[in-house]
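S.K.: this one's sequence-less:
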């Protein structure tokens, strides 16, 4: 019976079965559950092979295939012909079954719109963030500057850029190919970063990924990360929050649509003419001494320094020899991880008794903000555990999102007021309060080896006056990239 | 499109994209040729979108889509069965009925194919995928392979058998502790 079934289904598949054979095949399938199962498996394999083949290129050496012609057949009923334009667009998308992925959401990249199918074309995305779902259901976010190209729904070439992937069981085996190695998913969430210079990194947020470099093959589990180099893999710390996930793309898109970027620009322009302005760093003109990566800021195509390696820092010299009785510091920050005890937002060089009032601003080991001024002391009975002015609300829930941090210091009033995302958080009271002193300083580090910030800083404001609460609130609202 | 339509459209796209492969395979198991499956799938996807309003969010989209696909396949079999050799309606109904319970296993088999394909030597793999290209003419692919058409069908049959054996072995290995 089995041999008979095999032969008959072979002819059925080849289209060479005759009427008598078809009768026999039907007869076997009608009565034999096991035969139906075997038959279903063979046909199922045929379908899976067809799916694989759609993502296959005919010549390994030729460029990946460009978008094939849409196969279109008119619907058979008049009702369908009367369908709305939106429906036809959708139908076109569906009928073109050879797409590899579909755009779900896009912020700041006009070449693609939600619903656009992606084929084997090479995409250069100079700015913006893109959320996709592959034909197999893997959800991908790609952040600019990026160059990428699908080879199939299961194979994506990332030549440059930053990608996060959430891969359901149906898409197990989803593979990201980078210039320095390949990441094969085994059912998981992971990120791949191909920086402008240097080797690609693989970060596993959850599950398991196989990282293939030319001479190294390694299984990575939850929390593991490597740099893939031609010499092999080098382990590194995981930066799961450095990767944008699809829900964030939604909020960024909404923020852009609501005109946030223009509001932000207007607010910055106003600040630039503020008489008390000491510095407003938007990092757009590039440069800046130090060692850091330049990546995308809050807006598509904008720039922000990213601090990744141990010694990364940005050096600056602010405010000279002056003393500042009042000082406002504010920054948009995206923290990647919080395990280091101190992460520098702005540290003046050194910490010497001869320099009272020098400023150290950081996220501390309680994940709250701290503004320490050399020589200052807190008022008796203050609750702060380390005897420095600290905010109350941890920034922890904001890891992996842009967050607005601000602090207002007033040496005459002897107060330090903290703000998180525009909201007043807490006030510390001082017994001794020196006027603030700036001068040579580092963003993202202190003395180049300590207190490295893990993440990006976009827009740093240093103002020689005390901003009132309402103005801080307005600053946050104008600069908020989300909606 | 209005925001509500965009919302609905997005929801549909996500569900459809996630389940398309399963529905396509469901259809494929009931009709004789891949081109037939493509034709039926066009109809199925259009009906799914048209009736998406009556789909209750939170319930099983795949089961609902299988129901729609079964209806469309049966209509197609009745229509084409007059001049084509196709499965009996009773057999198709049984296969469709059993598909729901069988789908988890069949879905694992489809996923395992990729791993098995990686073990097929490059030359044979590209020949196989060439034969499965949407617009492929089997005569052309047979010619490339240096076989007669009949010989090439035999070879395809053997390849599928080898792959199915590999898939079974792979899944059995993964199932053991």
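M.R.: Yes, it's here. Source: prediction; values computed, not measured.
S.K.: Give me the longest helix you can find in chain B.
M.R.: helix B:89-117 (DSSP state H).
S.K.: tell me what that one is packed against?
M.R.: Packing partners of helix B:89-117 (3 or more CB pairs under 8 Å, 6 or more residues apart in numbering or on different chains; DSSP states H and E): helix A:19-31, helix A:33-54, helix B:3-28, helix B:61-80, helix B:149-175. Where C-beta positions appear, they are placed from N, C-alpha and C, glycine not excepted.
S.K.: one more time with 10 Å
M.R.: Where contact means 3 or more CB pairs under 10 Å, 6 or more residues apart in numbering or on different chains; DSSP states H and E, helix B:89-117 is packed against helix A:19-31, helix A:33-54, helix B:3-28, helix B:61-80, helix B:122-131, helix B:149-175.
S.K.: could I get those helices as CSV with mean pLDDT, distance to residue A:460 and mean neighbour count?
M.R.: CSV is the format used below for those (pLDDT from 0 to 100; distance: least, CB to CB, whole Å; neighbours: other CB atoms under 10 Å in any protein chain shown):
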stretch, mean pLDDT, distance to residue A:460, mean neighbour count
helix A:19-31, 95, 72, 16
helix A:33-54, 92, 49, 20
helix B:3-28, 85, 36, 19
helix B:61-80, 94, 47, 18
helix B:122-131, 89, 53, 17
helix B:149-175, 90, 52, 15
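S.K.: coming back round to it: okay, buried residues for the longest helix of chain B please.
M.R.: B:91-96, B:99, B:102-103, B:106-117 (16 or more other CB atoms under 10 Å in any protein chain shown).
S.K.: and the angle for that helix with helix A:19-31?
M.R.: For helix B:89-117 against helix A:19-31, the angle by axes from the mean of the first three to the mean of the last three CA atoms, to 10 degrees is 90 degrees.
S.K.: quick one, domains of the chain?
M.R.: Chain wasn't specified; assuming chain A. The record's domain parsing of chain A by automatic domain parsing lists A:1-37, A:66-95, A:99-242, A:258-479.
S.K.: meant chain B actually
M.R.: Listed by automatic domain parsing, the domain ranges of chain B are B:1-103, B:119-177.
S.K.: Show me the one of those that comes nearest residue A:252.
M.R.: domain B:1-103 (16.1 Å; CB to CB).
S.K.: Residue numbers of the stretch 151-300 of chain A in contact with chain B?
M.R.: Applying CB under 10 Å from any CB of the partner chain, one finds that the stretch 151-300 of chain A approaches chain B through A:152-155, A:168-175, A:184, A:187.
S.K.: rerun at 6 Å
M.R.: Residues of the stretch 151-300 of chain A lying close to chain B (CB under 6 Å from any CB of the partner chain) are A:172, A:173.
S.K.: Turn the helices and strands packed on helix B:89-117 into JSON lines, columns for distance to residue A:133.
M.R.: Shown next, in JSON lines, are these (distance: least, CB to CB, whole Å):
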{"stretch": "helix A:19-31", "distance to residue A:133": "36"}
{"stretch": "helix A:33-54", "distance to residue A:133": "16"}
{"stretch": "helix B:3-28", "distance to residue A:133": "5"}
{"stretch": "helix B:61-80", "distance to residue A:133": "14"}
{"stretch": "helix B:122-131", "distance to residue A:133": "24"}
{"stretch": "helix B:149-175", "distance to residue A:133": "26"}
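S.K.: Quick one: closest of these to residue A:251.
M.R.: helix B:3-28 (15.0 Å).
S.K.: by contact count, what packs against whatever helix or strand comes next after that closest one?
M.R.: Where DSSP states H and E defines the elements, the next helix or strand beyond helix B:3-28 is helix B:34-50. Other helices and strands packing on helix B:34-50, by 3 or more CB pairs under 6 Å, 6 or more residues apart in numbering or on different chains; DSSP states H and E, are helix A:85-95, helix B:3-28, helix B:61-80.
S.K.: of those helices, which approaches residue A:254 most closely?
M.R.: Between residue A:254 and those, the shortest gap by CB to CB is with helix B:3-28, which sits at 11.1 Å.
S.K.: what's the nearest residue to the residue nearest the centre of chain B if we skip its chain neighbours?
M.R.: In chain B, the centroid-proximal residue (CA atoms, centre = their mean) is residue B:25; its distance is 2.1 Å. Leaving out its chain neighbours, the residue that sits closest to residue B:25 by CB to CB, 6 or more residues apart in numbering or on different chains is residue A:47, at 4.0 Å.
S.K.: Residue A:172 now?
M.R.: Leaving aside its chain neighbours, residue A:172 sits nearest to residue A:187 (4.8 Å; criterion: CB to CB, 6+ apart).
S.K.: My guess is that neighbour contacts residue A:207. True?
M.R.: Yes - using CB atoms under 6 Å, residue A:187 is in contact with residue A:207, at 5.4 Å.
S.K.: and the helix or strand residue A:458 falls within, which strands flank it?
M.R.: Element membership for residue A:458 (DSSP H and E) is strand A:455-463. Strand A:455-463 sits in its sheet next to strand A:277-281 (antiparallel), strand A:303-307 (antiparallel), strand A:326-335 (antiparallel), going by DSSP bridges.
S.K.: got the residues of chain B near chain A?
M.R.: So chain B meets chain A at B:1, B:13, B:17-18, B:25, B:28-29, B:34, B:42, B:45-46, B:49, B:85, B:88, B:91, B:95, B:106, B:110-111, B:113-114, B:129, B:132-133, B:153, B:157, B:160, B:164 (CB under 6 Å from any CB).
S.K.: Report the central residue of chain A.
M.R.: Central residue of chain A (CA atoms, centre = their mean): residue A:244, 2.1 Å from the mean position.
S.K.: show me the contacts for that one.
M.R.: Contacts for residue A:244 (CB atoms under 6 Å, 6 or more residues apart in numbering or on different chains) come out as A:129, A:141, A:143.
S.K.: And for residue A:332?
M.R.: Going by CB under 6 Å, 6+ apart, residue A:332 touches A:298, A:402, A:404, A:458, A:459.
S.K.: export those residues to TSV and tack on neighbour count?
M.R.: Output for the contacts of residue A:332, formatted as TSV (neighbours: other CB atoms under 10 Å in any protein chain shown):
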residue	neighbour count
A:298	21
A:402	25
A:404	22
A:458	25
A:459	25
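S.K.: So which of those is the closest to residue A:161?
M.R.: Using CB to CB, the contacts of residue A:332 come closest to residue A:161 at residue A:298, 17.3 Å.
S.K.: Surely the closest one touches residue A:482?
M.R.: No - Residue A:298 is beyond contact range of residue A:482, at 9.0 Å (criterion: CB under 6 Å).
S.K.: what residues does the stretch 301-450 of chain A put near chain B?
M.R.: Taking CB under 6 Å from any CB, no part of the stretch 301-450 of chain A reaches chain B.
S.K.: Can you name the next helix or strand after the strand ranked longest in chain A?
M.R.: In chain A, taking DSSP state E as the definition, the longest strand is strand A:139-152. Next helix or strand after strand A:139-152 toward the C-terminus (DSSP H and E): strand A:155-166.
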